[in-house]
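Asks: structure, please.
(one chain, ligands or ions: 1)
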Amino acid sequence: MARDEVAEALSALEAHKREIGAVKISKFFQDDPERFARFHIALDDLIFDFSKHRLTEKTFALLLDLARSARVEARRAALFAGEAVNATERRPALHMALRNLSGKPMFAEGVDVMPDVVAERGKMEAFAEAIRSGSIKAANGERFTDIVNFGIGGSDLGPKMAAQALAPFVADHLTLHFVANVDGADIGDTLKRLPLSTTLFVICSKTFTTLETMTNARTARDRVARTLGEKAVADHFCAVSTHLDKIAEFGVRSDRVFGFWDWVGGRYSIWSSIGLSLAIGIGARQFQEFLRGGEDIDTHFLEAPLERNIPVIMALLGVWYRDFWGFSTLAIIPYDERLGRFPAYIQQLDMESNGKSVDLSGAPVTMATAPIIFGEPGTNCQHAFFQLFHQGQTIVPVDFLIAAEPTCADPAHHQLLLANCLAQSQALMQGRALDEVVLRLQAEGLSSEAAVALAPHKAFAGDRPSSTLLYKQLTPRALGRLIALYEHKVFVQGVIWNINSFDQWGVELGKELAIELAPIIADGARSTRGLDPSTAGLIEAARLLAKTEV
Ligand SMILES: O=P(O)(O)OC[C@H]1O[C@](O)(CO)[C@@H](O)[C@@H]1O
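Replies: Residues are numbered from 1 along each chain as shown. Predicted coordinates:
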């Protein structure tokens, strides 16, 4: 029934798109001086501007109809009620409980999880503080100076991104490192930089079986045992997982083990003990501020009406472009150097959640799902791929992120940063018409033939949509807000597409095949017979190349 209503809402939007298809965003601004007021939302010091979009009041109303027809509100209630919204794994997705600082009960399939959440958070924060203050020491009795986080995907991207984002809040006497790749260069280069005798290794893995993380952790363990002695392993390792039994086998002391729960997806786990390295770096108080930012957005997402609900609107705009305009990408461009890893973090969040081809019933999904997410910090990307944004044939909707004021950076630089960010969204939207370019070139002294010949190269079609998220400062709380906004955006899109945003079966096949290939690669004499000819050919070529003198 709901899906029939969705189909109707989609047809209404299709018809509406035909009506407004040729009208440019700049025309909407000319016709409505109140457009910014109408199409922005202020959540105290966070502003979401969505006025530079291919959107009229009618588009907005029809998109909201789509959300209602997909039962976004009911599904949101099911999410927060801890129902098993992750149907294929028969689990809730209750990461919001981890940032529930209000203490009110939250239930996972009927059981209040808050007592366990609060206890585990308290244990993790106390450990983080003890490492920071030096009351827990390295085997040689000195204070720890370096923290190495082993993890991959959600067990790496979150802490790594947040540690960089919140660098001004990290204690001066601590250096945080992140090792993810099974490529030996990652751990090898990191170990070279480390003062091993004052380094704490944090093994983060929800499953505690992930090949990359366990391989890196074992390499580090061997190095510690060889260099500092086997007894030092207990002092220099701690671990975070939902599989506490597996940690014991590794030799981590039981009081240095931090848990979380299977209702926390890997890409939603930064709020859990997976945030341990971050908490060590910024301290428990700031870690709680980070959680508070996430909690702010949960409250907003739950309480704001759909038409004033930032993640809902972000989601609807994404569906509008992905499904009606055929725009298959979304660029996330933080004008914030310290948010350099934010696009990669959201890339996992969005693409691992919604990169799906079947709906909840297992039938082929009828709409295009997750966009391809990419991005780099501004202004750097202006001097790289923005050429295509402005004049390429592919339209790339952009999310710009910028602080109103810098955190520990020169204010004069920040003014230029802000000017560039705003100029880019303005240029993308307004463009520069051909006849205006001709006139400008003539004013610069070109003949009219030369001006006409050059003008097409210098003209900008404009009408390229973007949103801007403006926040006061990149504090822990602001970062928590930004992450949670995207989490709920991804959830709402999953509801509209009728897919499960909380599983990730697509990563499994490659893992399985790698396990099968690993022994063939390790043993140069093993036959490659039975493999597909390309894979066999490449293995044999690699064997040959490895033996060739350069
Ligand atoms: O925390 P784990 O279990 O090591 O998994 C790491 C990552 O691997 C994935 O399962 C994908 O391979 C992600 O979903 C997850 O964030």
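Asks: alpha carbons only for contacts and neighbour counts from here, please
Replies: Fine.
Asks: now do the residue nearest to Asp65 when sequence neighbours are not counted against Pro305, distance only.
Replies: Of all residues not flanking Asp65 in the chain, Ala9 sits nearest, at 6.4 Å (Cα to Cα, 6 or more residues apart in numbering). Distance check for Ala9 against Pro305: by Cα to Cα, to the nearest Å, it reads 19 Å.
Asks: likewise Lys58?
Replies: Taken as Cα to Cα, the span from Lys58 to Pro305 is 17 Å.
Asks: output the one helix or strand Ala74 maps to as PDB, nothing but the C-alphas.
Replies: Secondary-structure element containing Ala74, defined by DSSP states H and E: helix 72-80. Coordinates of each C-alpha in helix 72-80 appear next as PDB, following Å, rounded to 0.1, in the frame of the first residue of the first chain:
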ATOM      1  CA  VAL A  72       9.500   8.100   6.900                       C
ATOM      2  CA  GLU A  73       8.000   9.100  10.200                       C
ATOM      3  CA  ALA A  74       6.900   5.500  11.100                       C
ATOM      4  CA  ARG A  75      10.200   4.000  10.000                       C
ATOM      5  CA  ARG A  76      12.100   6.700  12.000                       C
ATOM      6  CA  ALA A  77      10.000   5.700  15.100                       C
ATOM      7  CA  ALA A  78      10.900   2.000  14.400                       C
ATOM      8  CA  LEU A  79      14.600   2.900  14.200                       C
ATOM      9  CA  PHE A  80      14.500   4.800  17.500                       C
END
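Asks: buried sites along it?
Replies: For helix 72-80, the neighbour count (16 or more other Cα atoms under 10 Å) marks 72-73, 75-76, 79-80 as buried.
Asks: run a quick neighbour tally on whatever residue of the stretch 401-550 of the chain ends up closest to the ligand.
Replies: Using Cα to the nearest ligand atom, the closest approach of the stretch 401-550 of the chain to the ligand is made by Val507 at 5.2 Å. The local packing of Val507 (other Cα atoms under 10 Å) involves 10 other residues.
Asks: Arg477 is in contact with Arg292, isn't it?
Replies: Yes - with contacts counted by Cα atoms under 8 Å, Arg477 reaches Arg292, the gap being 6.1 Å.
Asks: what's the longest helix in the protein?
Replies: If you go by DSSP state H, the chain has its longest helix at helix 276-303.
Asks: just confirm yes or no for that one near the ligand.
Replies: No - counting by Cα under 6 Å from any ligand atom, the ligand is not contacted by helix 276-303; separation bottoms out at 13.5 Å.
Asks: quick check: the residue lying farthest from the centre of the chain vs Pro456, distance?
Replies: In the chain, the greatest distance from the average C-alpha position (Cα atoms, centre = their mean) is reached by Ser447, at 50.5 Å. Ser447 sits 15 Å away from Pro456, going by Cα to Cα.
Asks: Gly103 too?
Replies: Counting by Cα to Cα, the gap from Gly103 to Pro456 is 61 Å.
Asks: more crowded one of those two?
Replies: Set Gly103 next to Pro456 and count neighbours by other Cα under 10 Å: Pro456 wins out with 15 against 12.
Asks: contacting residues around the closest residue to the more buried one other than its chain neighbours?
Replies: Once flanking residues are discounted, Pro456 sits nearest to Leu434: 6.4 Å by Cα to Cα, 6+ apart. By Cα atoms under 8 Å, 6 or more residues apart in numbering, the contact list for Leu434 reads 455-456, 458-460.
Asks: repeat the analysis, applying 10 Å as the threshold.
Replies: Leu434 makes contact with 440, 452, 454-461, according to Cα atoms under 10 Å, 6 or more residues apart in numbering.
Asks: and what about the closest residue to Gly134 other than its chain neighbours, helix, strand or coil?
Replies: Spatial nearest neighbour of Gly134, chain neighbours left out: Arg143 (4.8 Å); criterion: Cα to Cα, 6+ apart. On the three-state scheme (DSSP: H, G, I helix; E, B strand; the rest coil), Arg143 is labelled coil.
Asks: was I right about Arg143 contacting Ile131?
Replies: Yes - with contact defined as Cα atoms under 10 Å, Arg143 and Ile131 form a contacting pair (7.6 Å).
Asks: before we move on, the earlier item: joint contacts of Arg477 and Arg292?
Replies: Common neighbours of Arg477 and Arg292, using Cα under 10 Å, 6+ apart, are Gln286.
Asks: what separates stretch 467-477 from the chain centre, distance-wise?
Replies: On the basis of Cα atoms, centre = their mean, to the nearest Å, stretch 467-477 is displaced by 15 Å from the centre of the chain it belongs to.
Asks: dump that stretch to PDB, restricted to CA.
Replies: Presented in PDB, the C-alpha positions along stretch 467-477 are these (Å, rounded to 0.1, in the frame of the first residue of the first chain):
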ATOM      1  CA  SER A 467      23.900  23.000  -0.300                       C
ATOM      2  CA  THR A 468      25.900  24.800   2.300                       C
ATOM      3  CA  LEU A 469      26.300  23.700   5.900                       C
ATOM      4  CA  LEU A 470      27.700  26.600   7.900                       C
ATOM      5  CA  TYR A 471      28.700  26.100  11.500                       C
ATOM      6  CA  LYS A 472      30.200  28.400  14.100                       C
ATOM      7  CA  GLN A 473      33.400  26.500  14.700                       C
ATOM      8  CA  LEU A 474      34.700  23.000  14.200                       C
ATOM      9  CA  THR A 475      34.300  21.900  17.800                       C
ATOM     10  CA  PRO A 476      33.700  18.300  19.000                       C
ATOM     11  CA  ARG A 477      30.000  19.100  19.300                       C
END
